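[1] Need the 3D shape of this:
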Amino acid sequence: MQIVNMHDAKTHLSQLIARAIEFGEPFIIAKSGRPLVKIVPLDAEEQRTASYRIGFMKGKLKYPEDAEELMHLGDPEVAEMFGVST
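    Here you go, the predicted model:
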């Protein structure tokens, strides 16, 4: 992640923000070598949290047609939890 000092950030703020938006690259603004703020594009934050939600892979995974038969080979207690009779 790029760290930019305060003076350079003031001078090149438009370019830094354009890079952050275009490439999704966050950057940090520092003063006297001490990090102060992190600039992150809003869309990147929304996409990051969206990918961690339960069910984000719905419809993207396939399981074999004989998957139910495979469940019968496993532990009867586990099969019972999923409502499959052994």
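[2] need the helices for the chain, in chain order.
    All helices of the chain, identified by DSSP state H, fall at 6-11, 13-23, 42-51, 67-73, 76-81.
[3] Flag every buried residue along stretch 21-32.
    Within stretch 21-32, the residues scored as buried using 16 or more other C-beta atoms under 10 Å are 27, 29, 30. All C-beta spots, glycine's among them, are computed from the backbone N, C-alpha and C.
[4] Tell me how far residue 65 lies from residue 78.
    To residue 78, residue 65 is 20 Å away according to C-beta to C-beta, to the nearest Å.
[5] By mean pLDDT, which helix or strand of this structure comes out lowest?
    Confidence across the helices and strands of the chain bottoms out at helix 42-51, with a mean of 58, counting by mean pLDDT, DSSP states H and E.
[6] Just give me the lowest mean pLDDT stretch among the helices of the chain.
    The minimum mean pLDDT among those belongs to helix 42-51 (a mean of 58).
[7] follow-up on the earlier one: and residue 65 and residue 78? which has more neighbours close in?
    Using other C-beta atoms under 10 Å, the more surrounded residue of residue 65 and residue 78 is residue 78, with 11 against 7.
[8] Identify the bridge partners of the closest residue to residue 36 other than its chain neighbours.
    Nearest residue to residue 36, sequence neighbours excluded (C-beta to C-beta, 6 or more residues apart in numbering): residue 29, at 5.5 Å. Beta-bridge partners of residue 29, counted by DSSP bridges, are residue 4, residue 37.
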